[in-house]
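Visitor: here is a sequence with its predicted model. Questions after.
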Amino acid sequence: MPRVDADLKLDFKDVLLRPKRSSLKSRAEVDLIRTFTFRNSKQEYTGIPIIAANMDTIGTFEMARALSKNTMFTAIHKHYSLEEWKMFAANYPECLEHMAASSGSGKADLDKLSSILEAIPLVKYICLDVANGYSEQFVEFVKTVHAKFPNHTIMAGNVVTGEMVEELILSGADIIKVGIGPGSVCTTRLKTGVGYPQLSAVIECADSAHGLKGHIISDGGCSCPGDVAKAFGAGADFVMLGGMFAGHDQCAGEVTEKNGKKVKIFYGMSSDTAMQKHAGQVAEYRASEGRTVEVPYRGDVENTIRDILGGLRSTCTYVGAAKLKELSRRTTFIRVTQQLNQMFG
Amino acid sequence: MPRIDNDVKLDFKDVLLRPKRSTLKSRSEVELARSYVFRNSKQSYTGIPIIAANMDTVGTFEMAQALCKFSLFTAIHKHYSVDQWKVFAVENPDCLQHVAVSSGTGQADFEQIKKILEAVPQVRYICLDVANGYSEHFVQYVKDVRAHFPDHTIMAGNVVTGEMVEELILSGADIIKVGIGPGSVCTTRKKTGVGYPQLSAVIECADAAHGLDGHIISDGGCCCPGDVAKAFGAGADFVMLGGMLSGHTESGGNIIEKNGKKYKLFYGMSSETAMKRHAGGVAEYRASEGKTVEVPFKGDVEHTVRDVLGGIRSTCTYVGAAKLKELSRRTTFIRVTQQVNPIFSPNATED
């Protein structure tokens, strides 16, 4: 008989942060940079822990150049060739400390990942990304990669529950990607009914990870700077963004005009669009689990970065956190029924 | 680890007022004027406690002229010069008891209110307004202003929780502005995730303030006269309106014509529009926390005022309150999932 877990799980839209007393005088005083030492790789990280997702329109080399200027991170998508990687590394060595190379769990992916990491030793992060991080095969894969690259920091996911976070950390991963179905172009919940509200997933997974000195990434579900703040408040060490970075100059794809408005294409990595592009088609035994949308063209990502970081600084000021590090300790979420006044739409 | 406060906090849209037996014969019997004596200034107030917000499109001298005829209040925005104040004071001496001078926490703002209050001593109210009333810096500023103006009534905010209401009252403020993020052109919740549903904020803050003989203003979140009634019912001593008073003849800014329809611009005071206008731009370390909208032109504010006051009188009749003062004592909120029957909206007109 099925079991119903009766306590309500929460999404970003179900809460707000309660303001608290603060001795900060200005948003400009807030420090957003964090420093971590990772459990398994023993590597150290310093930067603003926001990551552009390893989606082929978002995790581009152009995005990495723009984000690394702000010490933000980019998980480079897995479809660049070794030659493209070498060329980028030669031209922009200063970006490499804020980048990860991505891979699925296939043999061809691992071979390519290995060749990239061997050719460019300055890339110290590996992003192992599968739709379902719960498979035994994926656990084995994480172990294999950790054995092969013991000093590289491994991001692995996606999962949404504490016990699987613990399993992946104990298998050699350093940073666990948390999120199943929350993404703006993800249709997993629609197609499968599987998922977990992102705020609760982050709170529970952060708790598990931190108990083992591991780290987590909140991956998906942020639609505005306030959501990024809530993810950090919930305990995320990193926040990964896809849709919020879509539609910019730095994203892959052409700007097209539609009814006089400029748009760019954005799609989930399990969508028809992505599967046709990279696998030739949607395999017969599976459904597409992503959408394709046209997002308004938004110019240089620098403006969006400023908006997100400005919002985060303001959040920290409201709850009295002088550093991003203190945000989750200063966080009390209150439950709400609406986010915004809809008077003017 | 973050804490989750599990009881759901409520907005105006989550409740309705339950009707109660009443001996009133007509709405016209309802008394909306209130009298208060303020805790720290010891000044007394009489009027209908609705306040036009200190936004540069709403808290104008023209608005004050129109509202004071109804004994409503205006928090004049902080961008008028001392000379403009002097002219207004000479031409409208009767309005001065229903206006406040506004200030942020900057030194220049402090100097400006000193000059205005020296030039126009009949103005007895000071509105100290910052986005985040939780900073120690702001508490100190309230103390400084109180020390300098011991007999002026100080409005201060914004905050949303009882402990900070108490702190500001004990630091010298008389009336605490309550509301973070509920405003119609405020995007603080979207940009920061911070905020508090307005109805719960008012209930909790009124309780804290009244325990110390202080008062509160419900600031933001009212979209219709019913919301104003709910704010008073929740315990607000004053209700401040921005969006509901925007788009009128008395509002700041020019009328814009577009496709044969008339509009006026309305924007949050932390929007890009406002920051460009008053600070020369959005500083690099911050995000804009307000939006700019074109509001259909609504004519003279007098009509809107009558609509709001008529609505509140009707509320009082429904719950059996002969005076606005009795409204919160007569209030029982019921939780609801919708406010109005949507069958003919959005194309229906009200008249």
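Guide: Yes, it's here. The model shown is predicted, which means the values in this text are computed figures rather than measured ones.

Visitor: C-alpha from now on. contacts and neighbour counts both.
Guide: Fine.

Visitor: low-confidence ranges in the chain?
Guide: Using chain A. Residues of chain A meeting the criterion pLDDT under 70: none.

Visitor: the chain in question should be chain B.
Guide: In chain B (pLDDT under 70), the answer is B:345-351.

Visitor: and the helices in it, which stretches?
Guide: Counting by DSSP state H, chain B has helices at residues B:61-68, B:82-91, B:107-119, B:136-148, B:162-170, B:188-192, B:198-211, B:225-233, B:272-279, B:301-319, B:324-327.

Visitor: count of neighbours near the closest residue to B:Glu136 other than its chain neighbours?
Guide: In space, and not counting its chain neighbours, B:Glu136 is closest to A:Ser23: 4.9 Å by Cα to Cα, 6 or more residues apart in numbering or on different chains. Burial measure for A:Ser23: 16 neighbouring residues, criterion other Cα atoms under 10 Å in any protein chain shown.

Visitor: any idea how far chain B is from A:Phe73?
Guide: 19 Å (Cα to the nearest Cα, to the nearest Å).

Visitor: residues in contact with that residue?
Guide: Neighbouring residues of A:Phe73 by Cα atoms under 8 Å, 6 or more residues apart in numbering or on different chains: A:Gly47, A:Ile48, A:Pro49, A:Ile50, A:Ile51, A:Ala52, A:Ala64, A:Leu67, A:His98, A:Met99.

Visitor: give me that answer again for 10 Å
Guide: A:47-53, A:59, A:63-67, A:95-100, A:238-240 (Cα atoms under 10 Å, 6 or more residues apart in numbering or on different chains).

Visitor: same check on B:Gly181?
Guide: B:Gly181 is in contact with A:339-341, B:131, B:158, B:160, B:187-198, B:219-221, B:289-290, counting by Cα under 10 Å, 6+ apart.

Visitor: one step back: pop out the phi and psi values for the residue nearest to B:Glu136.
Guide: Here is the backbone geometry of A:Ser23 (degrees, to the nearest 10): phi -100, psi 10.

Visitor: just the helices of chain B: most buried one?
Guide: Greatest average neighbour count among the helices of chain B goes to helix B:188-192 (a mean of 27), per mean count of other Cα atoms under 10 Å in any protein chain shown.

Visitor: measure B:His98 to B:Arg39 for me?
Guide: Counting by Cα to Cα, to the nearest Å, the gap from B:His98 to B:Arg39 is 18 Å.

Visitor: those two: which has the busier surroundings?
Guide: Each of B:His98 and B:Arg39 has its neighbours counted (other Cα under 10 Å); B:His98 has more, 25 against 19.

Visitor: residue ranges of the strands in the stretch 201-345 of chain A, please?
Guide: Taking DSSP state E, counting those that start in this stretch to define them, one finds strands in the stretch 201-345 of chain A at A:215-219, A:238-241, A:256-258, A:261-267, A:292-296, A:332-335.

Visitor: centroid residue for the chain?
Guide: Chain wasn't specified; assuming chain A. In chain A, the centroid-proximal residue (Cα atoms, centre = their mean) is A:Met240; its distance is 2.0 Å.

Visitor: to clarify, I was referring to chain B.
Guide: The centroid of chain B falls nearest to B:Met240 when counting by Cα atoms, centre = their mean (1.7 Å).

Visitor: number of nearby residues for the residue of the stretch 151-300 of chain A found nearest chain B?
Guide: Proximity to chain B, evaluated over the stretch 151-300 of chain A using Cα to the nearest Cα, is greatest for A:Gly226 at 3.8 Å. A:Gly226 has 27 neighbours, counted by other Cα under 10 Å.

Visitor: my guess is it contacts A:Leu340, does it?
Guide: No - A:Gly226 lies out of contact with A:Leu340 (Cα atoms under 10 Å); the separation is 11.5 Å.

Visitor: what touches both of these two?
Guide: Counting by Cα under 10 Å, 6+ apart, the contacts common to A:Gly226 and A:Leu340 are A:Lys13, B:Thr187, B:Thr188, B:Arg189, B:Lys190.

Visitor: can I assume the fourth one is in contact with A:Val228?
Guide: No - distance between B:Arg189 and A:Val228: 11.6 Å, which falls outside the contact criterion (Cα under 10 Å).

Visitor: intersection of neighbour lists for those two?
Guide: In contact with both B:Arg189 and A:Val228: A:Gly311, using Cα under 10 Å, 6+ apart.

Visitor: in which helix or strand does A:Gly181 reside?
Guide: For A:Gly181, there is no helix or strand it lies in under DSSP states H and E.

Visitor: contact partners for it?
Guide: Neighbour list for A:Gly181: A:131, A:158, A:160, A:187-198, A:219-221, A:289-290 [criterion: Cα under 10 Å, 6+ apart].

Visitor: swap in B:Phe266?
Guide: B:Phe266 touches B:55-58, B:184-185, B:242-243, B:245-247, B:251-253, B:273-274, B:291-295, counting by Cα under 10 Å, 6+ apart.

Visitor: how does it look with 6 Å?
Guide: Neighbour list for B:Phe266: B:Thr292, B:Val293 [criterion: Cα atoms under 6 Å, 6 or more residues apart in numbering or on different chains].

Visitor: now it, which residues is it bridged with?
Guide: When assigned by DSSP bridges, B:Phe266 has beta-bridge partners B:Val293.

Visitor: again, but for B:Ser103
Guide: According to DSSP bridges, the residues that bridge with B:Ser103 are B:Leu128.

Visitor: chain B contacts on the stretch 201-345 of chain A?
Guide: Residues of the stretch 201-345 of chain A lying near chain B by Cα under 6 Å from any Cα of the partner chain: A:224-226, A:234, A:307, A:310-312, A:315, A:328-329, A:331-336, A:341, A:343.

Visitor: buried only: go through these for me.
Guide: Buried subset of those (neighbour count, 16 or more other Cα atoms under 10 Å in any protein chain shown): A:224-226, A:234, A:307, A:310-312, A:315, A:328-329, A:331-336, A:341.

Visitor: from the residues you listed, which land in helices?
Guide: Using DSSP H, these in helices are A:Pro225, A:Gly226, A:Ala234, A:Asp307, A:Gly310, A:Gly311, A:Leu312, A:Thr315.

Visitor: among the residues you listed, give me the pair with the biggest separation.
Guide: A:Ala234 and A:Asp307 (20.6 Å; Cα to Cα).

Visitor: need the contact partners of stretch B:236-251.
Guide: B:49-53, B:57-58, B:62-63, B:216-219, B:264, B:295, B:297-301.

Visitor: oops, could you answer that again for stretch B:3-10 instead?
Guide: Outside stretch B:3-10, the residues that reach it (Cα under 6 Å, 6+ apart) are A:Thr332, A:Phe333, A:Ile334, A:Arg335, A:Val336, B:Pro197, B:Leu199, B:Ser200.
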